[in-house]
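[1] need coordinates for the below:
(one chain, ligands or ions: 4)
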Amino acid sequence: MTEWKPTACILCECNCGIQVLVGPDGRSFEKIRGDKLHPASAGYTCNKALRLDHYQNGRVGRLTAPLRRRADGEFEEIDWDTAISEITARLLEIKLRHGGESIFYYGGGGQGNHLGGAYAPATMAAFGMKYRSSALAQEKTGDFWVGARMFGHPVRADVEHAEVAFFVGKNPYQSHGFPRARTVLKEIHKDPARSMIVLDPVRTETAELADFHLQLRPGTDVYLLTAMAAILLRDNLIDAEWLAEHTTGADEVLQVLRAVPIEKYCAIADVDLDLVTAATHRLARAESVAALEDLGVQMNRYSTVVSYIEKLVWMLTGNLGKPGAQYAFTGLAALGHDRGHPMGEGPESPVAGAPIISGLVPCNVITEEILTDHPARYRAMFIESANPVHSLADSARMRAALEALELVVVVDVAMTETGRLADYILPAPTQFEKYEATFFNFDFPRNIFHLRHPVLPAPEGVLAEPEIHARLVEAAGVLGEDDYAPLRVALEQGREAFAMAFLGILADPAKSKLVPVLLYRTLGQTLPDGAAAAAMLWAAAYNCVRKFPQSVERAGYGTGLEAGERLFEAILTGAHGIVITEDDYDVTWNRLRGNKVRLDLTDLLEVLATLPDLDSDPGDWPFVLSAGERRAFTANTIVRDPDWRKRDGAGTLRMSETDAERLGVSAGDRVLLTTRRGSTEVPVEPTDRMRPGHLSLPNGFGLAVDDDNGKPVQTGVAPNELTEFDSRDEWVGTPWHKYVPARLDTVTA
Ligand SMILES: Nc1nc2c(c(=O)[nH]1)N[C@H]1C(S)=C(S)[C@@H](COP(=O)(O)OP(=O)(O)OC[C@H]3O[C@@H](n4cnc5c(=O)[nH]c(N)nc54)[C@H](O)[C@@H]3O)O[C@H]1N2
Ligand SMILES: Nc1nc2c(c(=O)[nH]1)N[C@H]1C(S)=C(S)[C@@H](COP(=O)(O)OP(=O)(O)OC[C@H]3O[C@@H](n4cnc5c(=O)[nH]c(N)nc54)[C@H](O)[C@@H]3O)O[C@H]1N2
Ligand code: SF4
Ligand SMILES: [Mo]
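    Residues are numbered from 1 along each chain as shown. Ligands and ions are numbered 1, 2, ... in the order given. Okay, the predicted model is just below:
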């Protein structure tokens with residue numbers, strides 16, 4: 001029992017490799033350390049990984065039997081056969097009456113678990129489900145859409161090798177987003193030849209390490225970034241030759257930038273013109289700039305337009321396809337890929353007619369798709385590994401929407417805010433009790449993948465997601481032994497024969513969507529150590545070889561059919577994570593549409609050309625609330641046990657010292673925080689890091705967990721009790737959680 005086992009931290013998209021020492025009780029993590037053998041994190045972890053025992057063994061409301069909600073609202077335990085057959089019957093019945101497209105799929109994985117969600121498309125196909133979404137459609141779809149139109153392939157920033165790191169509404173010291181973030185930030189800070197530029201209204205831990213902190217007025221990034229782009233043009237810092245070689249549409253962009261009132265825009269953003277100029281010149285002088293934008297702008301005014309102008313700033317300075325700049329990455333899944341349809345020409349949601357980006361319905365329109373008489377409204381929801389009642393805008397409205405549905409099925413490890421409203425909850429093993437992986441693999445030039453092996457046995461009564469999907473698909477009557485038999489016969493002759501038989505299935509449109517379960521029930525059964533859930537990765541490995549043959553070859557897997565098998569074998573056995581592809585920086589150009597970048601997105605340029613003066617009268621709402629900040633002890637709602645936090649256990653409202661003084665409150669005092677949507681009491685934390693007029697609440701708080709007497713106790717404020725579903729991006733519908741108009745009142749004790 002006392003041996004270090006490799007796995008990964010599941011609390012953010014970095015998924016740092018860790019090793020755990022399981023205690024003599026066979027279930028607790030006695031010790032956790034960074035895994036030096038992990039190819040990306042190389043032993044690094046942040047403070048959070050070391051407290052993962054609270055996810056595994058804490059007071060979380062763990063579920064170990066399927067639950068069915070009774071008419072009186074209480075849950076009762078049922079056995080798996082009953083759960084699967086009842087859910088199947090009800091889904092089929094809804095399909096018969098309203099069509100499978102009235103069953104909406106949500107989720108499919110949080111920060112550490114995407115393998116189960118990879119099997120969900122089979123369930124969707126079995127019941128005719130058509131529409132889906134996930135948390136990506138409340139943060140990243142604007143970025144994906146703009147990226148798809150400009151590049152035709154998702155790109156990422158090589159912060160590690162950049163001369164200048166440029167962070168726009170991102171605090172990597174807390175939120176990470178690239179490997180070994182804190183180490184890399186400190187390296188840049190210490191190196192006089194490198195610089196860091198940060199756009200953030202808050203003096204974050206990252207801003208403190210920066211050479212240029214542009215501490216702008218919240219929600220004004222579009223002005224500041226447009227001014228920066230205009231300064232590039234005004235001061236002759238644009239490499240016209242490079243643009244002519246690698247891009248189209250530069251002239252249209254430059255024409256708009258020529259007319260920008262630079263001084264006025266800096267004044268609107270409330271940042272000193274000289275500082276903006278100096279930062280822009282530093283960026284333009286650099287050999288390489290790596291830019292990361294995140295929620296500070298993606299959940300804020302002009303979000304999609306900001307995603308565009310942010311990319312123009314580093315494109316106009318030639319920062320693509322070279323070390324330390326942006327690159328087009330490989331991967332086992334097409335995460336972040338979008339077709340880049342012009343607005344109105346792509347797929348749309350059935351009721352609201354909202355654009356579907358990267359296959360995802362905007363999260364903020366989900367309630368509109370349900371709370372209506374429209375005949376095409378969603379009637380049921382299948383929610384896997386997500387907590388939308390807590391994580392999506394306007395929790396009260398989300399609860400009303402779930403209650404209006406005929407059927408809600410939730411797959412989770414614990415009782416959650418969303419689970420409480422489900423008709424059925426199906427319990428899954430934790431991420432340390434099963435094979436698991438994520439598709440957040442964006443590394444470059446060596447991209448990695450980590451199939452984590454279970455480090456603990458699963459308790460009786462839970463079923464891993466791939467098994468749940470297989471049972472549902474079989475119960476729906478679309479797959480059975482007759483379908484598996486020929487594949488099993490082929491398997492006996494070897495993988496090559498299996499690959500051939502499998503290709504035959506892909507040619508049959510009715511069966512091709514059921515591939516995940518077909519693989520799971522055939523190839524999966526032959527994989528060692530119960531690794532059936534890895535079966536999908538066999539197809540993913542082959543797909544990776546097909547899409548990136550040279551990159552896979554360079555990583556040492558050879559070519560053709562053999563490369564697919566060798567890559568899959570390496571994934572299966574590489575318990576510490578492995579390198580899947582190796583590139584050179586030039587390859588980015590080959591991956592772009594037409595090998596060029598399109599700079600002129602005319603619809604978005606039009607917005608940049610006609611930015612209004614900022615409205616200055618805040619009316620009843622003198623504060624801007626940033627609802628959902630990443631802090632030292634936040635991790636979405638993955639760790640439910642409140643005791644996991646070593647600090648900030650209450651989840652304070654941060655505010656400027658000036659505002660605190662004016663209100664007459666000091667640290668720990670409670671105030672009444674009011675938005676258009678709701679009111680709540682919260683303790684304050686005055687700090688000189690905040691601008692006057694700006695407030696910040698942490699994310700991931702407000703979860704209710706039973707205390708020792710079985711009484712649910714809520715810790716902190718659930719941010720989305722305060723947010724509105726219709727406060728959102730004009731283009732792709734992402735929420736403006738970082739720009740919530742708010743008011744504060746003192747409360748008398
Ligand atoms: N500790 C921790 N790390 C996490 C997570 C977690 O829950 N906890 N969650 C993970 C997930 S799912 C995600 S998506 C990422 C998100 O990672 P980030 O986007 O980095 O996290 P946030 O703290 O939400 O927002 C980033 C910054 O935006 C700033 N901001 C607010 N308003 C504005 C504005 O008007 N303009 C600008 N320029 N900035 C503004 C905030 O002050 C904040 O510092 O973090 C991941 N990592
Ligand atoms: N106001 C506001 N709202 C926000 C944000 C914000 O900044 N402000 N941030 C948003 C962002 S960027 C994101 S990404 C979302 C995240 O929100 P969600 O996508 O809802 O994801 P999580 O909070 O990570 O919840 C994951 C769920 O998975 C469960 N789980 C854990 N392990 C497993 C497993 O192995 N199997 C299964 N089936 N379930 C498991 C957990 O118990 C939890 O219920 O929140 C968003 N909401
Ligand atoms: S929370 Fe920290 S340790 Fe865990 S994956 Fe993210 S950066 Fe790594
Ligand atoms: Mo996120």
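[2] gap between stretch 81-88 and the chain center?
    Its chain's C-alpha centre and that of stretch 81-88 lie 31 Å apart, by CA atoms, centre = their mean, to the nearest Å.
[3] show me the contact partners of it.
    Residues outside stretch 81-88 that contact it (CB atoms under 8 Å, 6 or more residues apart in numbering) are P66, R68, I78, L407, V409, Y424, L426, I468, R471, L472, A475, A476. All C-beta atoms are positioned from the backbone trio N, CA, C, and that covers glycine.
[4] what count of nearby residues applies to the fourth one?
    In other words, L407. 18 (other CB atoms under 10 Å).
[5] now the helices for the stretch 301-450 of the chain?
    Assigned helices in the stretch 301-450 of the chain, in chain order: 303-316, 366-370, 388-391, 395-404 (criterion: DSSP state H, counting those that start in this stretch).
[6] can I get these in JSON lines with distance to ligand 2 and mean pLDDT?
    Listed next are those as JSON lines, based on distance: least, CB to the nearest ligand atom, whole Å; pLDDT from 0 to 100:
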{"stretch": "helix 303-316", "distance to ligand 2": "13", "mean pLDDT": "98"}
{"stretch": "helix 366-370", "distance to ligand 2": "12", "mean pLDDT": "98"}
{"stretch": "helix 388-391", "distance to ligand 2": "3", "mean pLDDT": "98"}
{"stretch": "helix 395-404", "distance to ligand 2": "9", "mean pLDDT": "98"}
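[7] CSV please, covering these and showing distance to R149 and mean neighbour count.
    Conversion of the helices of the stretch 301-450 of the chain to CSV gives the following (distance: least, CB to CB, whole Å; neighbours: other CB atoms under 10 Å):
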stretch, distance to R149, mean neighbour count
helix 303-316, 9, 26
helix 366-370, 25, 25
helix 388-391, 28, 25
helix 395-404, 31, 19
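[8] of these, which is nearest ligand 3?
    In terms of CB to the nearest ligand atom, the element of those nearest to ligand 3 is helix 388-391, at 17.3 Å.
[9] please compute how far that closest one lies from its chain's middle.
    14 Å.
[10] quick one: E163 from G318, how far?
    From E163 across to G318, the span is 13 Å (CB to CB, to the nearest Å).
[11] check L21 too.
    Taken as CB to CB, the span from L21 to G318 is 49 Å.
[12] settle it for me: which of those two has more neighbours?
    Set L21 next to G318 and count neighbours by other CB under 10 Å: G318 wins out with 21 against 16.
[13] now the spatially closest residue to the more buried one that is not a sequence neighbour: which helix or strand?
    Once flanking residues are discounted, G318 sits nearest to W242: 4.4 Å by CB to CB, 6 or more residues apart in numbering. In this structure, W242 sits in helix 240-246 according to DSSP states H and E.
[14] ok now the next helix-or-strand element following that helix, how far from the chain's centre?
    Note on helix 240-246: by DSSP H and E, the next helix or strand toward the C-terminus is strand 247-248. Put simply, strand 247-248 sits 30 Å off its chain's centre (CA atoms, centre = their mean).
[15] list the residues that contact the spatially most central residue of the chain.
    Closest to where the C-alpha atoms of the chain average out (CA atoms, centre = their mean) is L136, at 4.9 Å. L136 is in contact with F144, G336, S358, L360, counting by CB under 8 Å, 6+ apart.
[16] so the first one, which of the three states?
    In this case it means F144. With DSSP: H, G, I helix; E, B strand; the rest coil as the basis, F144 sits in helix.
[17] correct me, but it touches G336?
    Yes: at 5.3 Å, F144 and G336 qualify as touching, with contact defined as CB atoms under 8 Å.
[18] overlap in contacts, those two.
    Joint contacts of F144 and G336 (CB under 8 Å, 6+ apart) are L136, P154, S358.
[19] how close does the first one get to R591?
    Distance from L136 to R591, counting by CB to CB: 21 Å.
[20] sorry, back to before: most widely separated two among the contacts of L136?
    Based on CB to CB, the longest span within the contacts of L136 runs between G336 and L360 and measures 10.8 Å.
[21] show me where pLDDT drops low in the stretch 101-250 of the chain?
    The model of the stretch 101-250 of the chain has no residue with pLDDT under 70.
[22] which bits of it sit near ligand 2?
    G110, Q111, N113, A135, Q138, E139 (CB under 6 Å from any ligand atom).
[23] and for the fourth one, the neighbour number?
    Meaning A135. 21.
[24] ok, it - contacts?
    Taking CB under 8 Å, 6+ apart, one finds G107, G110, C363, A386, S391 in contact with A135.
[25] could you rerun that using 10 Å?
    Residues counted as contacts of A135 (CB atoms under 10 Å, 6 or more residues apart in numbering) are 106-111, 360, 363, 386-388, 391-392, 636.
[26] what do you get for I356?
    131-133, 137, 141, 338-339, 341, 346-349, 362, 732.
[27] same question for V410.
    Counted by CB under 10 Å, 6+ apart, V410 has contacts 63, 67, 106-107, 381-389, 402, 416, 418-427.
[28] go with 8 Å
    Contacts of V410 (CB under 8 Å, 6+ apart): I383, E384, T416, T418, G419, A422, Y424, I425, L426.
[29] likewise for D669?
    Listed by CB under 8 Å, 6+ apart, the contact set of D669 reads P683, V684, T746.
[30] what do you get if the cut-off is 6 Å, keeping everything else the same?
    V684 (CB atoms under 6 Å, 6 or more residues apart in numbering).
[31] got it, and P712?
    A704, D706.
[32] now Y327, which residues is it bridged with?
    R156 (DSSP bridges).
[33] from what I see, it and W589 are in contact.
    No: look at Y327 against W589 with CB atoms under 6 Å: they stay out of range, at 10.2 Å.
[34] for the residue in the stretch 151-300 of the chain that ligand 3 sits nearest to, the count of nearby residues, please.
    Residue nearest to ligand 3 within the stretch 151-300 of the chain: H176 (4.1 Å; CB to the nearest ligand atom). When neighbours are defined as other CB under 10 Å, H176 has 23 of them.
[35] K511 now?
    Considering only other CB under 10 Å, K511 is surrounded by 16 other residues.
[36] what's the pLDDT at it?
    Note for K511: predicted pLDDT of 90.
[37] ditto for T674
    With respect to pLDDT, T674 scores 98.
[38] torsion angles phi and psi at the residue lying farthest from the centre of the chain?
    What lies farthest from the middle of the chain is Q493; by CA atoms, centre = their mean that is 40.9 Å. Note on Q493: its backbone torsions stand at phi -90, psi 0 [degrees, to the nearest 10].
[39] so for Y327 and W589, which residue has more residues nearby?
    Neighbours per residue, other CB under 10 Å: of Y327 and W589, the larger number sits with Y327, 25 against 15.
[40] select the longest strand from this protein.
    strand 679-687 (DSSP state E).
[41] burial count for the closest residue to D584 other than its chain neighbours?
    The shortest distance from D584 to any non-neighbouring residue, by CB to CB, 6+ apart, is to P445 (6.4 Å). Close neighbours of P445, defined as other CB under 10 Å, add up to 19.
[42] perfect, that will be all.
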